[in-house]
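**Student:** make a model of this:
(chains A, B and C)
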Amino acid sequence: MPSKVTFILGGAASGKSAYAEKLCVNSRKDRIYLATSQVFDTEMRAKIDRHLVQRGPGWTTYEAPMELASVLDSLNETQICLLDCATMWLSNQMLAEADLNTAQDVLLAALERCTADVVVVSNEVGHGIVPDNALARQFREAQGRLNIALAQIAPTVIQVTAGLPRALKGQL
Amino acid sequence: MPSKVTFILGGAASGKSAYAEKLCVNSRKDRIYLATSQVFDTEMRAKIDRHLVQRGPGWTTYEAPMELASVLDSLNETQICLLDCATMWLSNQMLAEADLNTAQDVLLAALERCTADVVVVSNEVGHGIVPDNALARQFREAQGRLNIALAQIAPTVIQVTAGLPRALKGQL
Amino acid sequence: MPSKVTFILGGAASGKSAYAEKLCVNSRKDRIYLATSQVFDTEMRAKIDRHLVQRGPGWTTYEAPMELASVLDSLNETQICLLDCATMWLSNQMLAEADLNTAQDVLLAALERCTADVVVVSNEVGHGIVPDNALARQFREAQGRLNIALAQIAPTVIQVTAGLPRALKGQL
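**Tutor:** Numbering: from 1, shown residues only, chains lettered A, B, ... in the order given. This next block holds a predicted model:
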């Protein structure tokens, strides 16, 4: 049985993670948290700690900043996995100078193989002024491509704005 | 009787203020304009003057860049108040190094106490590339939290895009 | 017979061009591509080449980075014209230090005169943190004004997010 991917999109601090967590809790399945952050500084540490408190107990956490496929392959249909978030994962790939198209293909194939339900959270990053920085421009192009690809494979795509969800594809 | 808060969200130059002004005019109530801008330079002066012309006559204006509660407490049910905008107000709080969580709690309590209708305008600022600047990152987190809180207390939330309104909560 | 303007709005790399191209292909009319890019560097060259491959054959291309009215005036009702994009065109106007209000008025008048159908693609650029740079702030104000004006004259306005279209005005 193929996994059901739900794709949650929103701006920074839009309430998208809280919404995604609620979906996982409401599913009544065993909850897996696939953490993509790498802790480089105290700001990131504080953000991770805030998210941990917000999530509450009852999650099994895997730290996987780069290679997600082996975790996704280890899951089963009794579980729901929150991948939070595709933007951090993509940023890690870029910092490691990975080939972004290949990395995207590997992730999408793993999502399609996965037998657990997966909720993927991602950021919209392309609605500001064109960045001065070439790497930032490259990142927003790659993020755009990744979001389009995730929206294609997910039967349900939800955009969260100020904590309020809207279905872009499928139903809330 | 509790006030009715309408929350209007949009990007910069999206037509959100013009839409909010039209809501106030159409309400037929006495119109209060709660101006949050501080004039630091000629660019801001020009923007304020453009908004003044756009609004037209028939408004009583209060200048309140920081402390909004006393104005909101002075209003009554014959009035409708346009708070334009929460983003400028939040920026003023941050520049003054106020505690942002406390400031937000005070504002929300005042909105809930207010007996006039209030239309609150705010910006979406979290859909670009992560800013280099730590203060800018802190600001977009605080703006996100404030927008989520305003969307929670408002029965009606409207997003304006290219001058076109969409209800995120309630009805247009 | 007046032209039918369809206005397609989205962030960077949101899939808006691909969606606009599909609309043109599905119309079965003769396809005109109105290219606004100026090639300043290899990054822009690569982007133009990617779009060319994506579009496929069957388009007549006009390069018009600044003056669009004469091309629009030369078209007829057997044709559909893809103007990709208004953001690049506006940026060219700003770099040339043109009067942006006049340029906008000239463009809108030409769109209203045009007897071909026109699909106009534009970017949302006002959903990030306020830019440090005064020119960037001026640009996002001008882009906002232009998007509002285009949304007013177009019977159909579509926002594309992660490749998924939503009607803001009219129908998909």
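
**Student:** distance between the ends of stretch A:4-15?
**Tutor:** End-to-end span of stretch A:4-15 (C-alpha to C-alpha, to the nearest Å): 22 Å.

**Student:** and the one helix or strand in chain A whose mean pLDDT sits lowest, what does it pack against?
**Tutor:** Least confident helix or strand, chain A: helix A:42-55 with a mean of 83, by mean pLDDT, DSSP states H and E. Helix A:42-55 sits against helix A:16-26, with contacts defined as 3 or more C-beta pairs under 8 Å, 6 or more residues apart in numbering or on different chains; DSSP states H and E. Quick note: C-beta positions are derived from backbone N, CA and C, even for glycine.

**Student:** tell me how far the helix it packs on lies from the chain's centre.
**Tutor:** From the chain centre to the centre of helix A:16-26 is a distance of 12 Å (C-alpha atoms, centre = their mean, to the nearest Å).

**Student:** same check on stretch A:11-25?
**Tutor:** Taking the mean of its C-alpha atoms, stretch A:11-25 sits 10 Å from the chain's own mean (C-alpha atoms, centre = their mean).

**Student:** mind listing what's buried in it?
**Tutor:** Neighbour-count burial for stretch A:11-25, counted by 16 or more other C-beta atoms under 10 Å in any protein chain shown, picks out A:11-17, A:19-21, A:23-25.

**Student:** didn't A:C81 look like it was pressed against A:V118?
**Tutor:** Yes - here A:C81 reaches A:V118: they are 4.8 Å apart, a contact under C-beta atoms under 8 Å.

**Student:** picking that back up, going by distance to chain B, which of the buried residues of stretch A:11-25 wins?
**Tutor:** A:A13 (2.3 Å; C-beta to the nearest C-beta).

**Student:** which parts of chain A sit against chain C?
**Tutor:** Chain A comes close to chain C at residues A:7, A:9, A:11, A:124-130, A:134, A:137, A:140-141, A:143-145, A:147-148, A:150-152, A:157, A:159, A:168-169, as judged by C-beta under 8 Å from any C-beta of the partner chain.

**Student:** would you state the helices of chain A in chain order?
**Tutor:** A:16-26, A:42-55, A:69-74, A:86-95, A:100-113, A:134-153 (DSSP state H).

**Student:** against which helices or strands is the fifth one packed?
**Tutor:** Yep, that's helix A:100-113 we're talking about. With contacts defined as 3+ C-beta pairs under 8 Å, 6+ apart, the packing partners of helix A:100-113 are helix A:69-74, helix A:86-95, helix A:134-153.

**Student:** tally of neighbours for A:E112?
**Tutor:** A count of neighbours around A:E112, defined by other C-beta atoms under 10 Å in any protein chain shown, yields 12.

**Student:** from what I see, it and A:Q152 are in contact.
**Tutor:** No - at 10.8 Å, A:E112 does not count as touching A:Q152 under the criterion of C-beta under 8 Å.

**Student:** now do the contacts for the residue lying farthest from the centre of chain A.
**Tutor:** Using C-alpha atoms, centre = their mean, the residue of chain A lying farthest from its centre is A:D132. It sits 26.2 Å away. A:D132 makes no contacts at all, as judged by C-beta atoms under 8 Å, 6 or more residues apart in numbering or on different chains.

**Student:** quick check: bridge partners of the residue nearest to A:K4 when sequence neighbours are not counted?
**Tutor:** Nearest residue to A:K4 in three dimensions, chain neighbours excluded: A:D117, at 4.8 Å (C-beta to C-beta, 6 or more residues apart in numbering or on different chains). Beta bridges link A:D117 to A:I80, judged by DSSP bridges.

**Student:** quick one, grab the pLDDT at A:D117.
**Tutor:** Reported pLDDT at A:D117 in the predicted model: 97.

**Student:** same question, A:L83
**Tutor:** At A:L83, pLDDT is 97.

**Student:** A:L172 now?
**Tutor:** pLDDT, A:L172: 92.

**Student:** burial count for it?
**Tutor:** If you count neighbours by other C-beta under 10 Å, A:L172 ends up with 9.

**Student:** I'd say A:L135 and A:E97 touch.
**Tutor:** No - the pair A:L135 / A:E97 is not scored as a contact, 10.7 Å apart, by C-beta under 8 Å.

**Student:** just for chain A, where's the confidence low?
**Tutor:** For chain A, applying pLDDT under 70 flags the ranges A:1-3.

**Student:** list the contacts for A:E124?
**Tutor:** A:L9, A:G10, A:G11, A:N147, B:H127, C:G11, C:H127, C:T161.

**Student:** closest to B:V71 out of those?
**Tutor:** B:V71 lies nearest to C:H127 out of those, by C-beta to C-beta, at 29.0 Å.

**Student:** just to check, the closest one is in contact with B:G128?
**Tutor:** Yes - in this structure, C:H127 is within contact of B:G128 by C-beta under 8 Å, at 6.5 Å.

**Student:** spell out which residues of chain A are next to chain B.
**Tutor:** Residues of chain A found near chain B (C-beta under 8 Å from any C-beta) are A:11-15, A:43, A:124-129, A:131, A:136, A:139-140, A:161-164, A:166.

**Student:** separation between the nearest residue to A:A64 once chain neighbours are set aside and chain C?
**Tutor:** In space, and not counting its chain neighbours, A:A64 is closest to A:V71: 5.2 Å by C-beta to C-beta, 6+ apart. According to C-beta to the nearest C-beta, to the nearest Å, A:V71 and chain C sit 24 Å apart.

**Student:** who's in contact with A:V71?
**Tutor:** A:V71 neighbours (C-beta under 8 Å, 6+ apart): A:I32, A:L34, A:Y62, A:A64, A:C81.

**Student:** among the residues you listed, which one has the most neighbours?
**Tutor:** For the contacts of A:V71, neighbours were counted using other C-beta under 10 Å, and A:C81 has the most, 27 neighbours in all.

**Student:** got a list of what that one touches?
**Tutor:** Residues near A:C81 by C-beta under 8 Å, 6+ apart: A:R31, A:I32, A:Y33, A:L34, A:V71, A:L72, A:L75, A:C114, A:A116, A:D117, A:V118, A:V119.

**Student:** hmm, try it at 6 Å
**Tutor:** Applying C-beta atoms under 6 Å, 6 or more residues apart in numbering or on different chains to A:C81 gives the contacts A:I32, A:L34, A:L75, A:A116, A:V118.
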